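Q: model this:
(chains A and B)
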Protein chains: 2
Amino acid sequence: MYFSGATPGRLASEYSEVQSSRLKVSLPLPSVLKTAFKLVDGPPSSAAGNPDEIAKLFPNLFGQPSAALLLGDSSAAASNQSLKIGVVLSGGQAPGGHNVICGLFDYLQERTNGSTLYGFKGGPAGIMYCKYVQLTTDFVYPYRNQGGFDMICSGRDKIETPEQFKQAEETAKKLDLDGLVVIGGDDSNTNACLLAEDFRGKKMKTCVIGCPKTIDGDLKCKEVPTSFGFDTACKIYAEMIGNVMTDARSTGKYYHFVRLMGRAASHITLECALQTHPNVTIIGEEVAAQKQTLKSVTDYIANVICKRAELGYNYGVILIPEGLIDFIPEVQQLISELNEILAHDVVDEGGMWKKKLRNQSLQLFEFLPEAIQEQLLLERDPHGNVQVAKIETEKMLIQMVETELESRRKQGLYNKEFKGQSHFFGYEGRCGLPSNFDSNYCYALGYAAGALLQNGKTGLISSVGNLDAPVEKWTVGGTALTSMMEVERRHGKFKPVIKKAMVDLEAAHFKKFASMRDDWALKNRYVSPGPVQFVGPTSNDINHTLMLELGAQA
Amino acid sequence: MYFSGATPGRLASEYSEVQSSRLKVSLPLPSVLKTAFKLVDGPPSSAAGNPDEIAKLFPNLFGQPSAALLLGDSSAAASNQSLKIGVVLSGGQAPGGHNVICGLFDYLQERTNGSTLYGFKGGPAGIMYCKYVQLTTDFVYPYRNQGGFDMICSGRDKIETPEQFKQAEETAKKLDLDGLVVIGGDDSNTNACLLAEDFRGKKMKTCVIGCPKTIDGDLKCKEVPTSFGFDTACKIYAEMIGNVMTDARSTGKYYHFVRLMGRAASHITLECALQTHPNVTIIGEEVAAQKQTLKSVTDYIANVICKRAELGYNYGVILIPEGLIDFIPEVQQLISELNEILAHDVVDEGGMWKKKLRNQSLQLFEFLPEAIQEQLLLERDPHGNVQVAKIETEKMLIQMVETELESRRKQGLYNKEFKGQSHFFGYEGRCGLPSNFDSNYCYALGYAAGALLQNGKTGLISSVGNLDAPVEKWTVGGTALTSMMEVERRHGKFKPVIKKAMVDLEAAHFKKFASMRDDWALKNRYVSPGPVQFVGPTSNDINHTLMLELGAQA
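A: As a prediction, the model looks like this:
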C-alpha cells in the first residue's frame, strides 16, 4: 500500500513498526502557539562581539529587537493571509529536521489561508538553482517524527558570491516568496542573516528566519537553549557507550576507546560522559585551555589504566571527541609546518625533508605512531592540506597508550596485558528517529518560524525556551541573528560569524563532570542509558547538558 | 542509596531510568511452569550425525529421551526437596544471560525448600578452581532484565583434560551439588554434556543441564528454536543499520559497508537484512556453496553500484558477515600456505618468498589491497597463524570495490565518485539491555532448567518452544544434548560436537531474502527499525528469522 498521495514513492511496507507508530503520534504545542498570540518586541540588540563591525555588515538589521510571542489578540497577522514560503535544510543531518518542516507546514495550514510551502531540494543549491518541490499534506505526512533529511535532502553549498546572492534573489522573486526558513548550523544561520540583510536592502518582501540545527550542540545562546538533534544523537551514542561499558565490565579485558562525532566543540562527549560515567573523558576545550600535549593526554590515560590495574581492573571505557587534535596547539603547529613543506617539497625516503620541521614539531612527529605519520604525509584534501578529520584519533591514542604502557612495564610499573578496542560513533546518531524531546522541540521551532514570518519578521532565529518545563509552558519567540554574531578576519576582510558555543569550563555541567571524573576513573560507576524510549516514564527526559544549563540560568 | 543487600556494591544511582524501569518489570512464565506439572519422556533419541561414534563417546547418556513438561501432578519432584545447584556463564556475552540465572533462582525459591544456588565466577575456570559466590535474593535482584554477564562474569576456558574433569568432580563433591546449569554456546553445551556423562559414569549425583546462548544464532534445532541474545543483538544492529540507511539516503553520497559480528554463521547478517532491506547483503554460506571468490564478491558489489549510478543513486548500504573470508575457499588456501611459509621462512623485502605460493594463491595475494597484505604477513596469533578475525573485511572490500570501479571508470562504465564508509557493529550489540523477547525467553529457560534438575534429568538442554505464541502458550522441556551432536575427527580422534546450525539456503527466511534482494539492490526499500522498545505495541515483536522458521515448521 502506498501512503495516500504517495508523492515521495515510499511504500507503507518500508516503515518499521516503530516508525509507523511514530508517524501517528500527535505533536503537542506550547500553549502560546495554541491560541491567539501577539508578537512583542524586546529592547534593541547588539552583537556577541565587535558590534561596530557587525553594524557595518548588517546596516538594515543590526540592532533589531528580539521578539516574544505572548498570549493575546494578534493584530498584525491576519489569519486570512495567503503566504508563499520556502524552506531549506542546510548542512549535516540532525534528528528532528523533518519536524521543523512539519511544524511550519501545519502553521501555514492552520493559521493562514491557502498558503504555499516550497521545499528547496538538496540544500542552498536548491535556492540558487530554483530546484524545489511544493509540499503538500500527503508529501509531508510520511516524514513526521522520522529521522534523516530525506524529505527534501540537504547540501553544504553556501550562498556567498554576488552572483549567488543574485540567484537567490531571482528565485525569491520567481516564486514570489514572502518568507524563507533556513534550517541549519552556525554557518547556515549566518548565511540566512546575510540573505535577510540582502533582501531587506533590496526592498524585497522576502523575510528570512533561521532554525538552530546541529547535533554538535555548539549553536546556542541564552534565548536558544540548544540546537535540535543534540538530544537524540547523544542518547543514541550513550546507548552504545553504555552497552560497551557493560561489555567491558563483563569481559574484564578490553579498554574501549570511543571517538564521538563533533568536530569543533566537545559537547557531545561531555553529555555522553554525564549519561554514562566513563573512566576517562577527554574534553577538547580543556585540553586547549591547559595547553596539553599529545604526550600529556597519553600520560593521563596511561595513569588511569595503571591505577585501575592496581585495583584489579584491567578494562575500561575512554571517550574522545572527534575534534581532539584540533585542540592541541603542538599538533596544529606540526600540521601547518607539514602543509608548508609538502606544498613545495617531495617527501624523500631518507627523511631529509624532516630537517625543515621545527625541533618541537619533529619531536612530536617522531612520537606519533607510524600509521598516523603516513596519514599525515599521504592524505591531503584538494587544497593540498592534511585531512585532520580522517585521522582516527581513537586508534592513534590506543597505539600511543600501548607504547607508554610498554615502557612502564619495563620499569616494573605495569604488568597487565593492554587490549585497546576502537570505536567511532557518528553516522549512527545523526539520522536516528528523533527523541520525544527533539520531535516536540522541532515541531515548535517550525511552528514558531511560521508565526514570525506571518508577522513580517526577518533576520531572526526561531527560539523556543523554558525547555525543562512541560511543552505547554515552553516560551516562543525569535532572536536577532545579528545579536549572536561576532567577526573573524579572513584574507584581510571582516567576516560575520555566529559565535560558536564551546564547552564552557565554568558551566554547571562541566563542573559537575569535573567533580565526579576521578571517582568514575577508578570505580566502575558505569550507567547504561539503554535504547531511546518513545513511550513510558523515561520517554520525555531531556539531556543533562540542557537540564544543568537551564538550572543554572534559573 | 545502595540496593538492599548491596552485595555487588552497585549504587542505585548507577542505574539509568530505563535500567531501573526494567528492574521492576515482572517476568511472565509459560502456563505450564505456573502450576503443577509432570515430566513426560519422549521416544529414545539418536544423534545429529555419526550415531555409532556418539554412542561410544556417551555410553551413559546416548539414546536418552528428550523430556516435555506437561500440566499435571508432579510425582517425581517433591516440593520440600532442598537442592544445591551451581550455575556458570560460558563464552561471549549475550543479552539475557542474567535472566536465565534469575529464572533458575526463582524456581529454586518458589518450587523447592531452602535450596542453595552457587554462581561460579569467570566461566568454567570457576568450576575448576571452585571459585563461586552464593546467590541470594539481594545479590540477584540488581541484574534482572539487565544486559551483560557481570553478575558472575564469564570465561572461555574449557574443561577438557582428565585433570580438569577431576577438578570439576572435586568441586561438585565439595559443594555437594545436585545439579549444574551451563549457560553457553555449542562448545560449552558439548562440554556440559561431557561433564554430565562423566558425572553419571562415576555415579555422582550431580546432574548437568545446558542453556542455549549465543548472539550468533547458530545453536538451534527443532526443539531449541533459537539461542538467546540473537534477538536483542540483531535488533540493536538493525537500529544502527537503519540509521545509517537514513543517513545514506539523506546525504546521497556514501556507500556504507557494515561488518556484523558473527564469525561462523551469517544468521545475524541475514536477520539484519530482513529487518532493514540493504542494497547488498553477503551471506557466507551462499558464498561457500557457490564457491565464490573475492573477485566475484567484489564484482557483485560493483555491479550493484554501477546499476544504481545509472538510476541516479550514488549511495547505498552493504552488509558483510564478520566471518566472510572464512567462507571463501581460495582465501582459506592462501592463508594455510602463508602459515606454512611463515613458519619456516623470513619474508624478504624482494618478495622471493612469494615463489613458494601456488599460482592461484599468488594471484589472490597480489589482488589484495596492500594494507591487507601487510595484515596477513604481520599479525599472527601465539601459534604463528594468521589472525583472520583481525582483518577488517569491510575496509578490504571498500578498497577492492574502489579499484574495480576505477577500472570501470577507465572503460567508461562508471562516472561517479565512490565514497566508502566502514562500520563494524559488534560489541555494541552483545551487551545491550535484553529485548522483551530475550528477557522472557531467558527467564523461562532458567526456570525450566530448575525443573529439569529437580526431576533428576541430566545431559539435556533447556528447551522452550512455540515462541511465536504468547508466553503463556510456550512449551517447555529438555532436549537430549547427544541428539544434537555429531563427530569431528581431530588429530586422528573423534571429538563430539554439537552440529552448528548454519544458514540453510533452502529455509524460508533465506528464500524470502533471496526473492527480494534484487528489488532492494536497485530501489531504496530501506526500513529503519528504530531503537528497541520495552513498552508499547512493538515491544513484544520477535525477529524475522524465528518467525519464518517457526512458520515453516507449523
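Q: can you give me the helices in the stretch 151-300 of chain A?
A: A:162-174, A:186-201, A:230-251, A:267-276, A:284-289, A:294-310 (DSSP state H, counting those that start in this stretch).
Q: need the residues of the stretch 301-450 of chain A near chain B, please.
A: Counting by C-beta under 8 Å from any C-beta of the partner chain, the positions of the stretch 301-450 of chain A adjacent to chain B are A:Q421, A:H423, A:Y427, A:E428, A:G429, A:R430, A:C431, A:G432, A:L433. In this view, the C-beta of every residue, glycine as well, is placed from N, C-alpha and C.
Q: need the max-distance pair from those.
A: Farthest-apart pair in these is A:Q421 and A:L433; separation 27.4 Å (C-beta to C-beta).
Q: higher neighbour count, those two?
A: Neighbour tally, A:Q421 and A:L433, criterion other C-beta atoms under 10 Å in any protein chain shown: the higher count belongs to A:L433, 28 against 20.
Q: ok, that one - contacts?
A: A:18-19, A:22, A:95, A:145-147, A:232, A:532, A:534, B:528, B:530-531 (C-beta atoms under 8 Å, 6 or more residues apart in numbering or on different chains).
Q: columns pLDDT, secondary structure and neighbour count on top of the residues you listed, output as JSON lines?
A: Below are those laid out as JSON lines (pLDDT from 0 to 100; DSSP: H, G, I helix; E, B strand; the rest coil; neighbours: other C-beta atoms under 10 Å in any protein chain shown):
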{"residue": "A:V18", "pLDDT": "94", "secondary structure": "helix", "neighbour count": "24"}
{"residue": "A:Q19", "pLDDT": "95", "secondary structure": "helix", "neighbour count": "21"}
{"residue": "A:R22", "pLDDT": "95", "secondary structure": "helix", "neighbour count": "21"}
{"residue": "A:P95", "pLDDT": "98", "secondary structure": "coil", "neighbour count": "35"}
{"residue": "A:N145", "pLDDT": "97", "secondary structure": "coil", "neighbour count": "27"}
{"residue": "A:Q146", "pLDDT": "97", "secondary structure": "coil", "neighbour count": "25"}
{"residue": "A:G147", "pLDDT": "96", "secondary structure": "coil", "neighbour count": "32"}
{"residue": "A:T232", "pLDDT": "98", "secondary structure": "helix", "neighbour count": "28"}
{"residue": "A:V532", "pLDDT": "97", "secondary structure": "coil", "neighbour count": "28"}
{"residue": "A:F534", "pLDDT": "96", "secondary structure": "coil", "neighbour count": "24"}
{"residue": "B:S528", "pLDDT": "96", "secondary structure": "coil", "neighbour count": "28"}
{"residue": "B:G530", "pLDDT": "96", "secondary structure": "coil", "neighbour count": "27"}
{"residue": "B:P531", "pLDDT": "97", "secondary structure": "coil", "neighbour count": "24"}
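Q: now distance to A:L452 too, for those, in CSV please.
A: As requested, the contacts of A:L433 are exported to CSV (distance: C-beta to C-beta, whole Å):
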residue, distance to A:L452
A:V18, 33
A:Q19, 31
A:R22, 27
A:P95, 23
A:N145, 23
A:Q146, 25
A:G147, 26
A:T232, 25
A:V532, 30
A:F534, 29
B:S528, 32
B:G530, 32
B:P531, 33
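Q: tally of neighbours for the closest residue to A:K295 other than its chain neighbours?
A: In space, and not counting its chain neighbours, A:K295 is closest to A:F367: 6.7 Å by C-beta to C-beta, 6 or more residues apart in numbering or on different chains. As a burial measure, A:F367 scores 16 neighbours (other C-beta under 10 Å).
Q: ok, A:F367 touching A:T293?
A: No: using C-beta atoms under 8 Å, A:F367 is not in contact with A:T293; the gap is 9.2 Å.
Q: contacts only, for the closest residue to chain B within the stretch 351-500 of chain A.
A: Here the stretch 351-500 of chain A gets closest to chain B at one residue, A:C431, 3.9 Å apart by C-beta to the nearest C-beta. Residues in contact with A:C431 (C-beta under 8 Å, 6+ apart) are A:Q93, A:P95, A:G147, A:G148, A:F149, B:N243, B:V244, B:T246, B:D247, B:S250.
Q: quick one, phi/psi of it?
A: When quoted as degrees, to the nearest 10, the phi and psi of A:C431 stand at phi -120, psi 20.
Q: ok, and what's touching the host helix or strand of A:E330?
A: Taking DSSP states H and E as the criterion, the element that holds A:E330 is helix A:329-344. Under the criterion C-beta under 8 Å, 6+ apart, residues A:288, A:291, A:293-294, A:325-326, A:353, A:356-358, A:360-361, A:364-365, A:376-377, A:380, A:384-386, A:388 lie in contact with helix A:329-344.
Q: how does it look with 6 Å?
A: A:T293, A:I325, A:K356, A:L357, A:S361, A:L364, A:L376, A:G384, A:N385, A:V386 (C-beta atoms under 6 Å, 6 or more residues apart in numbering or on different chains).
Q: mind putting the contacts of A:C431 in a markdown table, distance to B:F105 included?
A: As requested, the contacts of A:C431 are exported to a markdown table (distance: C-beta to C-beta, whole Å):
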| residue | distance to B:F105 |
| --- | --- |
| A:Q93 | 46 |
| A:P95 | 40 |
| A:G147 | 40 |
| A:G148 | 44 |
| A:F149 | 49 |
| B:N243 | 37 |
| B:V244 | 39 |
| B:T246 | 42 |
| B:D247 | 43 |
| B:S250 | 47 |
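Q: so which of the residues you listed wins on neighbours?
A: Ranking these using other C-beta under 10 Å puts A:P95 first, with 35 neighbours.
Q: for stretch A:353-368, what is the distance to the chain centroid?
A: 34 Å (C-alpha atoms, centre = their mean, to the nearest Å).
Q: now do stretch A:235-252
A: 23 Å.
Q: average model confidence for that stretch?
A: The pLDDT scores in stretch A:235-252 average 96.
Q: then stretch A:64-82?
A: Rounded mean pLDDT across stretch A:64-82 is 80.
Q: just stretch A:452-471 next, same as before
A: Averaged across stretch A:452-471, pLDDT comes to 97.
Q: now do the same end-to-end measure for it.
A: The first residue of stretch A:452-471 is 19 Å away from its last residue (C-alpha to C-alpha, to the nearest Å).
Q: quick one: buried residues of that stretch?
A: A:452-455, A:457-468, A:471 (16 or more other C-beta atoms under 10 Å in any protein chain shown).
Q: same thing with stretch A:129-139?
A: Across stretch A:129-139, burial judged by 16+ other C-beta under 10 Å covers A:C130, A:Y132, A:V133, A:L135, A:F139.
Q: do that stretch and chain B come into contact?
A: No: Stretch A:129-139 stays clear of chain B (C-beta under 6 Å from any C-beta of the partner chain), getting no nearer than 13.5 Å.
Q: then that stretch to CSV, C-alphas only?
A: Extracted in CSV, the C-alpha atoms of stretch A:129-139 (Å, rounded to 0.1, in the frame of the first residue of the first chain):
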residue,chain,number,x,y,z
TYR,A,129,19.1,26.8,-9.0
CYS,A,130,15.4,27.1,-8.0
LYS,A,131,15.0,23.4,-7.6
TYR,A,132,12.1,22.8,-5.3
VAL,A,133,9.0,20.7,-4.6
GLN,A,134,5.7,22.0,-3.5
LEU,A,135,5.0,20.5,-0.1
THR,A,136,1.5,19.1,0.4
THR,A,137,-0.2,17.2,3.3
ASP,A,138,0.4,13.9,1.5
PHE,A,139,4.1,14.7,0.8
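Q: next secondary structure element downstream of the worst-scoring helix or strand of chain A on mean pLDDT?
A: In chain A, no helix or strand scores lower on mean pLDDT, DSSP states H and E than helix A:370-378, which sits at a mean of 82. Where DSSP H and E defines the elements, the next helix or strand beyond helix A:370-378 is helix A:393-410.
Q: would you mind listing the outside residues contacting that following helix?
A: Helix A:393-410 has contacts (C-beta under 6 Å, 6+ apart) with A:257, A:259, A:298, A:301-302, A:320, A:324, A:369, A:372, A:414, A:418, A:420, A:422.
Q: A:I318 is in what secondary structure piece?
A: Going by DSSP H and E, A:I318 is part of strand A:316-321.
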